[in-house]
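>>> coords please:
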Amino acid sequence: MVKMTEGAPSEEEVIPVVEEPIEELAVPPAVVTPESANLRETVVLINRVTKVVKGGKRFSFSSLVVVGDGQGRVGVALGKAKEVQAAIQKASARAKKNMIQFPLVQETIPHEVIGTFGSGKVWMKPAAPGSGVIAGGGVRAVVEMAGVKNILTKSLGSSNPFNMVYATIEALKLLKTKEEILKLRGKS
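Residues are numbered from 1 along each chain as shown. Have a look, this model is predicted:
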């Protein structure tokens, strides 16, 4: 046990204090790359999933999110979590990691294309300026986030939003510019 003495401490007990400026803790700024600075996102679907267990039911959520920059880059991902907001955040982060780039020609796609994913099939055709986006559901979300202003689309297969969105991404992956096709044929 330490005994406390009253009064001022003697000079032997005084510890000199050195006056030095305290360095501020440097907190790095949030990482904002030029690519991620202007990304927009939209939630296509939120799905509640129920798991029946011994004590009752457990709910979780899955969300399908589309992220795009409006200049020919777009990404899609699925996020799952116990809370809706967490599922959306997970999907958004994954979509930003898995972005694809495709060519845009005068705010439309360069040629007609059909994309397939599972039983979903999406037909896409370039449209004249002023036509607008003629698409439904998940296909509209993908092409709008990608920056396509004039396009004609039709869902030929499943109406499942997951398959339609991923079929749209597959179709966009197949797009090539006129120069790329000529190069492949050796007629540059």
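
>>> I169: helix or strand, and which one exactly?
helix 161-173 (DSSP states H and E).

>>> list the buried ones in that helix?
Neighbour counts over helix 161-173 (16 or more other C-beta atoms under 10 Å) mark P161, F162, N163, M164, V165, Y166, A167, T168, I169, E170, A171, L172 as buried. Quick note: C-beta positions are derived from backbone N, CA and C, even for glycine.

>>> also stretch 99-107?
Neighbour-count burial for stretch 99-107 [16+ other C-beta under 10 Å]: M99, F102, L104.

>>> now L175: how far from G115?
Counting by C-beta to C-beta, to the nearest Å, the gap from L175 to G115 is 10 Å.

>>> then T153?
With C-beta to C-beta as the criterion, T153 and G115 are 10 Å apart.

>>> average pLDDT for stretch 119-130?
Averaging pLDDT along stretch 119-130 gives 93.

>>> can you give me the helices in this protein?
34-37, 84-97, 137-146, 161-173, 178-185 (DSSP state H).

>>> how about low-confidence regions in this structure?
1-37, 188 (pLDDT under 70).

>>> I figured K125 hits V143, correct?
No - counting by C-beta atoms under 8 Å, K125 does not reach V143; the two are 11.8 Å apart.
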